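[1] 3D, please:
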Amino acid sequence: MLRIHFTDADLARTRVINDPDPLWELGQSLHRFQTRQGRWAYAHWYRGTCQRLRESGQQRILRELLLPLFRRGPYYPDFLNPAESSEGLQAGLEAVLATPPRRVLDELRTLAGVSGAPPRAPELARPDGRRELVRALRDYHDTAIAPYAEEIQSRIDADRVVRCRALLDGGVEALLGGLGPDIRWQRPVLHVRHPSVDRDLRLGGRGLTLVPSYFCWQTPVSMADPAMPPVLVYPLHQQPSPVQSAGASLTALLGRTRATVLRAVAAGATTGELARVAGVSASSISQHTTVLRDAGLITSQRQAASVLHTLTPLGASMLQANLG
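    Below you'll find the model as predicted:
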């Protein structure tokens, strides 16, 4: 169990990121190769990525360096998940490259003691060794993560709508209490169930960054070093998905795209989010939302540069009758 202790200042400084963190997603995706748990949820990704890894000749570096370095278990090195990664892949890789050699060696020794480190691990303390690692990380990201960027972003967009609703209805504590079945809020402590961790993390006024992750499966994860910026990575697959089946009768009535749009609007969604979920252009989505709005099924409200679409009571009743 990971117990995260909050002060009032920490509650005020808690936030949810608005874009996928590329290095957290990269690391969590590598864990999907190391277990069959949840494989069904990633079957399409797994098959396509395995084929692209074979075609690009990355299997050796994956087997000899990346998988042993990103061990699925109680620990893998914190320097592989720098805070700068929230600013994008390039910023994250530059931070990995700039990690002090002493810190790299210390964390690799910890990895060796917990689950074993790759034979090439000592090379990573040298600049040329980390440059090779960064190249491997970039190549793997281009192969395994980038082709699914829109799908990952759409899931995070939908999750943020749910988090915003919780925040507006019940404040930060309601947001923390609704993160999933393995996360329980009991003021002032957030209890995170983890099979191989038993420790306390005291935020001390630093706040907590919540990182929704497409590739994280069931078990939330955090940084091992309590001195690092506090982060909690939680799985998206535990949350309601806007891309569930819209129901055969609803699809027959509205058409596949409009049925999908109506289902996605159930959690509240912007025009851009609906376009990603439905896989069509923003202009096409505008036509579909106009039809649904004119039929009295949704309502639309402009918020700054975006338009947020939500269900009307009639639209909610129609979904309830068709989806149960």
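[2] please make it C-alpha for all contacts and neighbour counts, starting now.
    Will do.
[3] show me what contacts the most centrally placed residue in the chain?
    Among the residues of the chain, the one closest to the centroid is residue 213, at 1.5 Å (CA atoms, centre = their mean). By CA atoms under 8 Å, 6 or more residues apart in numbering, the contact set of residue 213 is 20-21, 24-25, 156, 233-236.
[4] any idea how far it lies from residue 156?
    Going from residue 213 to residue 156 by CA to CA, to the nearest Å gives 8 Å.
[5] hey, what's in contact with both of the two?
    In contact with both residue 213 and residue 156: 20, 236, using CA under 8 Å, 6+ apart.
[6] before we move on, back to that, the closest residue to the residue nearest to the centre of the chain other than its chain neighbours: neighbouring residues, count only.
    Of all residues not flanking residue 213 in the chain, residue 235 sits nearest, at 5.2 Å (CA to CA, 6 or more residues apart in numbering). The number of residues packed around residue 235, counting by other CA atoms under 10 Å, is 21.
[7] helices or strands up against the longest helix seen in the chain?
    Looking across the chain with DSSP state H, the single longest helix is helix 149-177. Helix 149-177 sits against helix 8-12, strand 183-186, strand 209-213, strand 269-270, helix 271-278, with contacts defined as 3 or more CA pairs under 8 Å, 6 or more residues apart in numbering; DSSP states H and E.
[8] so which elements touch the next helix or strand after the third one?
    What that stands for is strand 209-213. As assigned by DSSP states H and E, the chain's next helix or strand after strand 209-213 is strand 221-222. Judged by 3+ CA pairs under 8 Å, 6+ apart, the packing partners of strand 221-222 are strand 231-235.
[9] ok, the strand it packs on: who's next to it in the sheet?
    Applying DSSP bridges, strand 231-235 is found paired with strand 209-213 (parallel), strand 221-222 (antiparallel).
[10] can you add distance to residue 261 and mean pLDDT and give the helices and strands packed on helix 149-177 back as TSV?
    TSV is the format used below for the helices and strands packed on helix 149-177 (distance: least, CA to CA, whole Å; pLDDT from 0 to 100):
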stretch	distance to residue 261	mean pLDDT
helix 8-12	34	96
strand 183-186	30	94
strand 209-213	23	95
strand 269-270	9	86
helix 271-278	6	88
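[11] nearest to residue 176 among these would be which one?
    Of all the helices and strands packed on helix 149-177, it is strand 183-186 that lies closest to residue 176, at 6.2 Å by CA to CA.
[12] need the contact partners of that closest one.
    173, 176-178, 190-193.
[13] for the protein, just list every one of the strands.
    Ranges of strands in the chain, per DSSP state E, are 2-5, 15-16, 183-186, 189-192, 199-202, 209-213, 221-222, 231-235, 269-270, 298-303, 306-311.
[14] alpha carbons of the first one, as PDB, please.
    Spelled out, it's strand 2-5. Extracted in PDB, the C-alpha atoms of strand 2-5 (Å, rounded to 0.1, in the frame of the first residue of the first chain):
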ATOM      1  CA  LEU A   2       1.200   3.500  -0.900                       C
ATOM      2  CA  ARG A   3      -0.100   6.100   1.500                       C
ATOM      3  CA  ILE A   4       0.100   9.700   0.200                       C
ATOM      4  CA  HIS A   5      -0.200  12.300   2.900                       C
END
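[15] thinking again about what came up before, reformat the helices and strands packed on helix 149-177 as JSON lines; add distance to residue 143.
    As requested, the helices and strands packed on helix 149-177 are exported to JSON lines (distance: least, CA to CA, whole Å):
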{"stretch": "helix 8-12", "distance to residue 143": "37"}
{"stretch": "strand 183-186", "distance to residue 143": "32"}
{"stretch": "strand 209-213", "distance to residue 143": "18"}
{"stretch": "strand 269-270", "distance to residue 143": "29"}
{"stretch": "helix 271-278", "distance to residue 143": "21"}
